[in-house]
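J.: Provided below are the primary sequence and the corresponding predicted coordinates.
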Protein chains: 2
Amino acid sequence: MRLTEYLLPTLKENPADAEIVSHQLMMRAGMIRKVAAGIYTYLPLGLRSIRKVEQIVREEMDRAGAMELLMPMVVPAGLWEESGRWEQYGKELLRIRDRKDTEFCLGPTHEEVITDVVRGTVRSYRQLPLNLYQIQGKFRDEIRPRFGLMRGREFIMKDAYSFDLEDAGADTAYEKMYQAYQRIFKRCGLKFRAVEADTGNIGGSSSHEFMVLAESGEDAIVSCDQCDYAANVEKAQMRQEQGSSGEGQAELQKIDTPERKTIAEVAEFLDMDHSRLIKTLLVQTDTGEQLAVLLRGDRELNEIKLCRYLDCLEVVMLGDIAVEELTGAPVGFAGPVGLDCRILADLEVQSMADAVVGGNEKDVHYMGANPGRDFSVEAYADLRQAQAGDGCPRCDGTLQMWRGIEVGHVFKLGTKYSEALGATVLNAEGKEAPLVMGCYGIGIGRTVAAAIEQNHDDQGVIFPMPIAPFQVIITLLNPKDEQVMQAGSELYQQLMDAGVEVLLDDRDERPGSKFKDAELIGIPIRVTVGNRALKEGAFEVQKRLEGERMMMPVAETLSWLVDEVKRQLME
Amino acid sequence: MRLTEYLLPTLKENPADAEIVSHQLMMRAGMIRKVAAGIYTYLPLGLRSIRKVEQIVREEMDRAGAMELLMPMVVPAGLWEESGRWEQYGKELLRIRDRKDTEFCLGPTHEEVITDVVRGTVRSYRQLPLNLYQIQGKFRDEIRPRFGLMRGREFIMKDAYSFDLEDAGADTAYEKMYQAYQRIFKRCGLKFRAVEADTGNIGGSSSHEFMVLAESGEDAIVSCDQCDYAANVEKAQMRQEQGSSGEGQAELQKIDTPERKTIAEVAEFLDMDHSRLIKTLLVQTDTGEQLAVLLRGDRELNEIKLCRYLDCLEVVMLGDIAVEELTGAPVGFAGPVGLDCRILADLEVQSMADAVVGGNEKDVHYMGANPGRDFSVEAYADLRQAQAGDGCPRCDGTLQMWRGIEVGHVFKLGTKYSEALGATVLNAEGKEAPLVMGCYGIGIGRTVAAAIEQNHDDQGVIFPMPIAPFQVIITLLNPKDEQVMQAGSELYQQLMDAGVEVLLDDRDERPGSKFKDAELIGIPIRVTVGNRALKEGAFEVQKRLEGERMMMPVAETLSWLVDEVKRQLME
């Protein structure tokens, strides 16, 4: 494309509402424009990157034997009632009514629809295995849409669904998709990790997230420095060290801790390590029960682990008034001794001895508290958040922490949806058997945004070649100069003929502003065509990533570019 | 693809709710499945045809200099309020509210959104001309969704929007799109016509519809047998013959017409031609005004012409009670003589003399009625529907009638949206000027459905090669026979290597049922691989359209197929 004929509205300033780099750069590079909160138009440049990712995804899905179809965005409530999610799914599910007052939703995910398609078309195990996917606009009514395409409301997703007769087949399907995802993100030119993850409101028995590594990532993930264990902290386990302290020696003793409420304040006051204290968290479940959760003083609660243990959807911390009602003391002094509610504790607490706990009385704590002796715990479970330095749960290694952006998620669903919707096939014995399912998502727009989070500098985007909107940009220093225009246009045409995706900056602007734009939009290779160099029979060539400029004889430039594009595509 | 691994749920019977051939065949061929009224899943086979049409559209849009972008499906109400269509557009606009109770709609068309994009990104006439398009899922809440993809609620559309500084540029853009549409439908292998059309609720000054010719088409179109005039009957004009009758001779005279209410009954009773009678239609506009419209007895009212003349959105016929209140007589005897309301008449009525009209009294008509003398007409206008046999408005030719399916529509919008939304650019004199717009739509799914309406027989679909989901199908008579499987698989692989899209029917079914499926899904060329022919070193080849079977030496089949596919793509 010639830039004089292209819609490329670059911006000099970061938009006020763009908090993270990818959002800022996608706005500034003229890739997207906001239509409403979390709703964007993909401008021509942005759509080109999106389509590149789509095409890589499509090729790898097809290669893995999946078949593309397309389901609607507007989905009847009835299907969601069958699965039970019409009630369960929160307000992210946008429920709407048509002109006849029939209820629908905008599909945020399509387990129900695909299960309906399959129950209506597949009758025999001989039609299995089956893996169906689509690339489609979805809608989730996020309460706080933000970060551009990273957490939008309307977004493009690839979602695939596998159907098998038995668990073994479903495991194979899962493994195939896992491998396909590895290839996809590798082909996109991204640094990423697959990590164990929680299954959330999709459900199922196990899942992995594919995380693009980036400091700005919303997710914290851990990985072992020795084996290949890696997990989202939401889900991450750690090695449980053997308790060594044995019996408590000290007597339980009340101490004054005036105005010392937090673990840090109490520990400093007593000159003890945080790990000698027990943290007492008071929470309420979505069923209304109040309970206490004990953790070592230097640990954090993992609410997702707690919810899974309690089999509830949500826990919230008790408010000030509820704390006072339950403990008889203001916030900051809660402890398990004499506390009148169910008490759970993290596994680590079991081996703590002579600990400090709250006294359930203003400005009072206990020293020398011992579980079992001074208070009773209903159950010990893994309830804490993993931290850097924790032991790996699989080997002797140590866990490291990373930040990541979730771009893909694969789930083993089991028979959750097929049983709810009655999607069965006749097995070899002629008996009805529910289909064993898996589901596999990739956020297409988010992958582009994550790629930018991972690949940028102060000047703008640095696109990996495979998902760059254009592969080469030719910048004409002075397009009014006939020689410059002719040499540039010739190279432009030759590159197009060779199948290279090329942008010709033929705008009548100052060179500095054209260089700035070229750097901002992150085209991997720039060719500068200027009068002075031309006189010496040369173009100037620069790779966006390395930044070094090279003079290159005009006659050699075409083949060098074609080779370099190919090389970077293979990397 | 191997059919044993493909989702192809063909049906033997027509679904009960499928009224037209394309709907029946798309269901039976396993191309689509219904999710809700007017909402479908495109199964793998159907999606392949849809993608073929999309790709042709995309290539021709790009060739015409248009740029692809992608707008959201969920559109904020505010933009539609700016254009005034939030109120004007009927219930087909599905209005929804998000979790924060903010109003949105599901985009049925995107003039507002694109105008917003352009006003936010284009500032100078030097950025023009601009043509932006998308291929996207849209939603129109049709009151009676039916006919499968022909009149669905969620559907895929290509919509393009052009922006120019002046009318001349806009005319050029329109002409470019008109030519691109000609190429698109030709490349799809369809018989079609471009016709003048009404602009409906999109607005603008003029428009053309692209009609695929098919007897089952919902639209009636006329075309001249001598010149290239063609129009939708909604819009079609006709040559107005010079009135010859001059002054009326007869006196106005009441006659008894007992129980004769319709034109046919009165004409028969009086033994006169229908054309000697004047039909008096009593209508009410959406503003509540009641008026009478006069037509020659053998003509039909064109309500769209009437609405345009009255500048209203809708007219409805008066009900029985209202007729009696206005005329003093039951339905069937209304006439203009002494009628107390505004009276309009079709141009033809002006030259009628000594006509028969209703008497505004039960069982009474007038003979010898003359406009001007016996009743006054406020205005004469072209208000009637064109008919076969009418004179062409452009030449001496005669109009013929066709049935068609609207698959594309191009509009000159003028400044309707740019003025409403304040989309201006600075012109060469540095002054703000509103953009002159055009918009250009193609129904992608409907194009596939229309292709099937035009190309089928009793056995099923007969896909034109360019939009066939697969180009060749290889039917193995007995896949358990090793030789058959080997010869078939080899050809299958060779065809794929040659870039031919091929389906291998390796299912363990009776040959008859495989032949039926192959014919049903309409793959243009079938190769049958059987034991008997193989012994003679031959395959059997059959074109779906011609039906003749040919024996072809195995060694020659590959290159014949490659050539034949190419030939049919070029046709």
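T.: Nice, I can see it. Numbering: from 1, shown residues only, chains lettered A, B, ... in the order given.

J.: Show me which residues of the stretch 151-300 of chain A sit near chain B.
T.: A:153, A:154 (CB under 8 Å from any CB of the partner chain). Backbone N, C-alpha and C define where each C-beta goes, glycine included.

J.: Now do the domain split for chain A, please.
T.: A:3-237+A:401-453, A:253-381, A:470-570 (automatic domain parsing).

J.: Residue B:41: which of those domains is closest?
T.: With CB to CB, the closest approach to residue B:41 among the domains of chain A belongs to domain A:3-237+A:401-453: 4.8 Å.

J.: Next, report how far the closest one is displaced from the centre of its chain.
T.: Relative to its parent chain, domain A:3-237+A:401-453 has a centroid offset of 10 Å by CA atoms, centre = their mean, to the nearest Å.

J.: Give the rounded mean pLDDT of that domain.
T.: Mean per-residue pLDDT for domain A:3-237+A:401-453: 95.

J.: Show the contacting residues for the residue nearest to residue A:286 when sequence neighbours are not counted.
T.: Spatial nearest neighbour of residue A:286, chain neighbours left out: residue A:314 (4.7 Å); criterion: CB to CB, 6 or more residues apart in numbering or on different chains. Taking CB atoms under 8 Å, 6 or more residues apart in numbering or on different chains as the contact definition, residue A:314 lies against A:285, A:286, A:307.

J.: returning to that earlier point: packed most tightly, which of the domains of chain A would that be?
T.: When the domains of chain A are scored by mean count of other CB atoms under 10 Å in any protein chain shown, the highest mean neighbour count falls to domain A:3-237+A:401-453 (a mean of 20).

J.: Spell out for me which residue occupies the centre of chain A.
T.: When CA atoms, centre = their mean is applied to chain A, the residue found nearest the centroid is residue A:406 (1.6 Å).

J.: Ok, which of the domains of chain A comes nearest residue B:53?
T.: Evaluated over these, closeness to residue B:53 peaks at domain A:3-237+A:401-453, with 13.3 Å, by CB to CB.

J.: hmm, back to that, thought the residue nearest to the centre of chain A was touching residue A:213?
T.: No: in this structure, residue A:406 is not within contact of residue A:213 by CB atoms under 8 Å, at 11.4 Å.

J.: picking that back up, I'd like the domains of chain A as CSV, with distance to residue B:206 appended.
T.: Shown next, in CSV, are the domains of chain A (distance: least, CB to CB, whole Å):
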stretch, distance to residue B:206
domain A:3-237+A:401-453, 26
domain A:253-381, 58
domain A:470-570, 35
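
J.: re the thing from before, looking at the contacts of residue A:314, which are in helices?
T.: Among the contacts of residue A:314, the members found in helices (DSSP state H) are residue A:307.

J.: Show me which of the contacts of residue A:314 is closest to chain B.
T.: For these, the minimum distance to chain B (CB to the nearest CB) is 18.8 Å, reached by residue A:286.

J.: Could you report the pLDDT at the closest one?
T.: Predicted confidence (pLDDT) for residue A:286: 89.

J.: just checking, it touches residue A:312?
T.: Yes: at 5.3 Å, residue A:286 counts as touching residue A:312 under the criterion of CB under 8 Å.

J.: Any stretches of the stretch 201-350 of chain A with poor pLDDT?
T.: Counting by pLDDT under 70, the stretch 201-350 of chain A contains low-confidence ranges at A:201-203, A:242-246.

J.: hey, where'd the strands end up in it?
T.: Taking DSSP state E, counting those that start in this stretch to define them, one finds strands in the stretch 201-350 of chain A at A:206-213, A:219-224, A:230-232, A:253-256, A:278-285, A:290-296, A:315-317, A:342-346.

J.: in what helix or strand does residue A:78 lie?
T.: helix A:77-83 (DSSP states H and E).

J.: Ok, residue A:418 next?
T.: Using DSSP H and E, residue A:418 maps to helix A:416-421.

J.: Go ahead and name everything in contact with the helix holding residue A:78.
T.: Contacts of helix A:77-83 with the rest of the structure, by CB under 8 Å, 6+ apart, involve A:86-87, A:89, A:93, A:95, A:102-105, A:111-113, A:115-116, A:416-417, A:420-421, B:35.

J.: how near is residue A:256 to chain B?
T.: Taking CB to the nearest CB, to the nearest Å as the measure, residue A:256 and chain B are separated by 49 Å.

J.: list the contacts for that residue?
T.: By CB under 8 Å, 6+ apart, the neighbours of residue A:256 are A:363, A:364.

J.: what are the bridge partners for it, then?
T.: residue A:364 (DSSP bridges).

J.: distance of it from residue A:363?
T.: Per CB to CB, to the nearest Å, residue A:256 is found 6 Å from residue A:363.

J.: Taking the stretch 301-450 of chain A, what residue is nearest to chain B?
T.: Nearest residue of the stretch 301-450 of chain A to chain B, counting by CB to the nearest CB: residue A:445, 9.9 Å away.
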